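>>> Generate a structure from the sequence data that follows.
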Amino acid sequence: MEQKRLCPFCIGELPPAATVCPHCGKILEGCNPAGCLPVGTVLAGRYTVGEMRSLDGEGVLYSGVENLGGFRVTIKEYLPVTLSAERGADCILCMDDQVALLALSTLRQLNLRVPQDIRLASLYDDEALQECTPQITAVSFDAEQLGRRTAQQLLSLIRHQPVETRTLLGYQVGLRLSTQT
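All right, here's what the predicted structure looks like:
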């Protein structure tokens, strides 16, 4: 089933694979600079990317539209995969498993191969990372223990009690195919 896609300019519904909006006539190809998401890209089946608005050290800011409710949104792409790859980065380290899976999908759309063109790793492990191809390198740790320690520290702060400035918890790095070249 084709994903619903709205024009980021006029919010009219776009036919599949449209390169020009039939409602407002705006061109959906080649509007954004190289290294940015193309206008009309659908993210997570829900958002359509519009024009790039700004670029800074954190990432790229786009106008966009939410496809289900039909309202305008601002989309922030943090540390874009395309900019990382173009700058000669050799690995993308994602904050969690879902971001790693999204990065893998984006890399595939850009015809970048993991790990041959760029390596990929996650700071949170999940079964999905072991089931995808290639399997993604990830850090495993006890999230419940981390949550308990964090809550204890927060309660100590609230009670004006001293807190540890550094806490070391156990972790394991699961080296998988996504970082092996």
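
>>> right, and the helix or strand after the helix or strand of the chain with the lowest mean pLDDT?
Across the helices and strands of the chain, the lowest-confidence element by mean pLDDT, DSSP states H and E is helix 81-86, at a mean of 56. With elements assigned by DSSP states H and E, the helix or strand that comes after helix 81-86 is strand 91-94.

>>> out of everything not next to it in sequence, what's closest to the residue positioned nearest the centre of the chain?
Computing the C-alpha centroid of the chain and ranking residues by Cα atoms, centre = their mean puts residue 99 first, at 4.7 Å. Take residue 99 and drop its neighbours on the chain: the residue closest to it by Cβ to Cβ, 6 or more residues apart in numbering is residue 122, 7.3 Å away. Placement of C-beta: from N, CA and C, glycine included.

>>> Residue 42 versus the residue nearest to the centre of the chain, what's the distance?
The gap separating residue 99 from residue 42 is 18 Å, by Cβ to Cβ, to the nearest Å.

>>> what do you get for residue 138?
27 Å.

>>> Where do the helices of this protein begin and end?
Listed in chain order, the helices of the chain (DSSP state H) span residues 81-86, 97-109, 127-131, 143-158.

>>> coming back round to it: what about residue 138 and residue 42, which has more around it?
Neighbours around residue 138 and residue 42, counted as other Cβ atoms under 10 Å, are more numerous at residue 138. The numbers are 26 against 17.

>>> Counting neighbours, what do you get for the closest residue to that one other than its chain neighbours?
Nearest in space to residue 138, with sequence neighbours left out and distances taken as Cβ to Cβ, 6+ apart, is residue 125 at 3.7 Å. Residues within reach of residue 125, counting by other Cβ under 10 Å, total 23.

>>> same thing with residue 105?
By the measure other Cβ under 10 Å, the count of residues near residue 105 is 13.

>>> re the thing from before, make a markdown table from the helices of the chain and add distance to residue 58 to it.
A markdown table is the format used below for the helices of the chain (distance: least, Cβ to Cβ, whole Å):
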| stretch | distance to residue 58 |
| --- | --- |
| helix 81-86 | 11 |
| helix 97-109 | 14 |
| helix 127-131 | 25 |
| helix 143-158 | 25 |
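
>>> Indicate which one of these is closest to residue 177.
helix 127-131 (10.2 Å; Cβ to Cβ).

>>> could you say what helices and strands the closest one packs with?
Using 3 or more Cβ pairs under 8 Å, 6 or more residues apart in numbering; DSSP states H and E as the contact criterion, the neighbours of helix 127-131 among helices and strands are helix 97-109.
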